[in-house]
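Trainee: predicted structure and sequence below. I'll ask about it afterward.
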Amino acid sequence: MTKREKHVSGAPRRNFYGRIKGKSLHKSQQRYMAEDLDDLKPSGVTWADNPDRTAIDPRDWFGDDREIWLEVGFGGGEHMVHQAGLNPDVGIIGCEPYINGVAMLLGKIRESGVDNVVVHPGDARDMMDVLPEASISRAFLLYPDPWPKARHHRRRFVTPEHLEPLARCLKPGAIFRVATDIEDYVRQTLEEVHKNGNFEWLAEEADDWRRPWSDWISTRYEQKALREGRTPHYVTFRRL
């Protein structure tokens, strides 16, 4: 196993996401990738341009001292663009290895005109490697790959391999939101986040996990879950 296949701690990396490419991109999406992606990619994140994994202040990517949010796996980009539009003074970092999702996001950015985002078309762990401690004010994990088979549960994002670097990047008081339609994913999330010891669950009522956040936008993955009869769950934690 090469250094690149390990976390900076030396632990072996298991992908928490599935495929990285689907159907062929439409011509318009190919144009977005060719014309827009380079201007939106943050520098110093990939192993190729930062092999020593030197920490980078994400505020440098936005040119000021703004608050920074992180979305782990933005899917088709609906939520990321929605939040960017609602919060123009916040800088939003999106990480997504699925190239078709990246192309969809670029189209939505063009359509919406938001200019407070950076896009890492790759593994969120590479981003967390180089983010300074306590640099992120809010993080989102929305409809992550469920890895439904029990033998694959260790690939889910909500494991120590991913929660530990995430907790390191989050500021005290930062919010971590998780949305999923898989009940067992909720169970594992609550168990692992509790064991991590750096978060508190903000539920106040038994029904809290059924109510979406006031600034929520239903994503294409959620709409698919609803069509197939699955119940969305919304869980909120705060970094201690």
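Mentor: Sure thing, it's come through.
Trainee: for the rest of this, base every contact and every neighbour count on C-alpha atoms.
Mentor: Will do.
Trainee: how about the strands of the chain, start to end?
Mentor: For the chain, the strands defined by DSSP state E occupy 68-72, 91-95, 117-120, 136-142, 170-180, 199-201, 233-239.
Trainee: dump those strands to JSON lines, plus mean neighbour count.
Mentor: JSON lines is the format used below for those (neighbours: other CA atoms under 10 Å):
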{"stretch": "strand 68-72", "mean neighbour count": "24"}
{"stretch": "strand 91-95", "mean neighbour count": "26"}
{"stretch": "strand 117-120", "mean neighbour count": "22"}
{"stretch": "strand 136-142", "mean neighbour count": "21"}
{"stretch": "strand 170-180", "mean neighbour count": "20"}
{"stretch": "strand 199-201", "mean neighbour count": "17"}
{"stretch": "strand 233-239", "mean neighbour count": "20"}
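Trainee: so which of the ones you listed gets nearest Arg220?
Mentor: strand 136-142 (11.1 Å; CA to CA).
Trainee: list the strands paired with the closest one, with their directions.
Mentor: Using DSSP bridges, strand 136-142 pairs in its sheet with strand 68-72 (parallel), strand 170-180 (parallel).
Trainee: dump these to CSV, plus distance to Val193 and mean pLDDT.
Mentor: Output for these, formatted as CSV (distance: least, CA to CA, whole Å; pLDDT from 0 to 100):
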stretch, distance to Val193, mean pLDDT
strand 68-72, 16, 98
strand 170-180, 10, 98
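Trainee: in JSON lines: the ones you listed, plus distance to Glu222.
Mentor: Output for the strands paired with strand 136-142, formatted as JSON lines (distance: least, CA to CA, whole Å):
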{"stretch": "strand 68-72", "distance to Glu222": "16"}
{"stretch": "strand 170-180", "distance to Glu222": "8"}
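Trainee: in the chain, where is pLDDT below threshold?
Mentor: 1-22, 147, 152 (pLDDT under 70).
Trainee: in contact with the spatially most central residue of it: list those residues for me.
Mentor: Ranked by distance to the mean C-alpha position of the chain (CA atoms, centre = their mean), the top residue is Val72 at 0.8 Å. For Val72, the contact set (CA atoms under 8 Å, 6 or more residues apart in numbering) comprises 94-96, 124, 139-142.
Trainee: and what of Asp215?
Mentor: Shown in contact with Asp215 (CA under 8 Å, 6+ apart): Gln83.
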